[in-house]
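**Student:** Fold the stuff below for me.
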Amino acid sequence: AAPGAGGVSVTRNAIVAEKWAFRDAALSRSRNDQRTYRYARGTQSRANFESYSDQRQAASEVRWLGRHRRWEEALVVVAGVEDPNPVTLSAAVDACARSLQGEAAGRVFE
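**Tutor:** Next comes the predicted model:
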């Protein structure tokens with residue numbers, strides 16, 4: 001390889017530039033791009049898209065109630081969700097734990 005500026009080979013400069021370009025592209029990916037990548041690999045499920053926003057809204061509400069130590073209301077929200085996902089259930093356990101309700105937290109997964 002021919003020497004470039006400062007005696008460094010042009011090939012090495014090209015490799016370093018390509019490495020940084022790839023790193024910049026990887027860091028600027030949105031969450032949707034990552035989800036698309038997981039779909040392509042087969043590690044992301046496409047099931048139940050219609051209930052996805054409902055699950056997110058329920059989990060958000062349960063987290064908010066948990067932060068305010070309103071664990072009973074959080075459990076009522078979870079009980080109203082059809083087939084709650086692990087994120088929603090985890091938020092309910094956290095709501096109970098924040099209110100020192102260990103017994104109630106254990107019943108969330110029943």
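**Student:** This protein: helices as residue ranges?
**Tutor:** Secondary structure of the chain (DSSP state H): helices at 10-27, 31-41, 52-67, 71-79, 86-98, 102-107.
**Student:** Which of those helices has the lowest mean pLDDT?
**Tutor:** The minimum mean pLDDT among the helices of the chain belongs to helix 31-41 (a mean of 64).
**Student:** before we move on, back to that, TSV for the helices of the chain, including mean neighbour count?
**Tutor:** C-beta here means a position set from N, CA and C on the backbone, and glycine is covered the same way. Below are those laid out as TSV (neighbours: other C-beta atoms under 10 Å):
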stretch	mean neighbour count
helix 10-27	10
helix 31-41	11
helix 52-67	17
helix 71-79	18
helix 86-98	20
helix 102-107	13
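**Student:** Just the CA atoms of stretch 76-83, as CSV, please.
**Tutor:** Only the C-alpha atoms of stretch 76-83 are listed here, as CSV (Å, rounded to 0.1, in the frame of the first residue of the first chain):
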residue,chain,number,x,y,z
VAL,A,76,-56.6,-3.3,39.6
VAL,A,77,-55.1,-2.0,36.3
VAL,A,78,-53.2,-5.3,35.8
ALA,A,79,-56.3,-7.3,36.5
GLY,A,80,-58.1,-5.3,33.8
VAL,A,81,-55.5,-6.2,31.1
GLU,A,82,-56.2,-9.3,29.0
ASP,A,83,-53.1,-11.5,29.1
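**Student:** Mind listing residues that contact that stretch?
**Tutor:** 51, 54-55, 58, 61-62, 65, 84, 88-89, 92, 108 (C-beta atoms under 8 Å, 6 or more residues apart in numbering).
**Student:** so how far is residue 84 from residue 106?
**Tutor:** Separation of residue 106 from residue 84 (C-beta to C-beta, to the nearest Å) stands at 16 Å.
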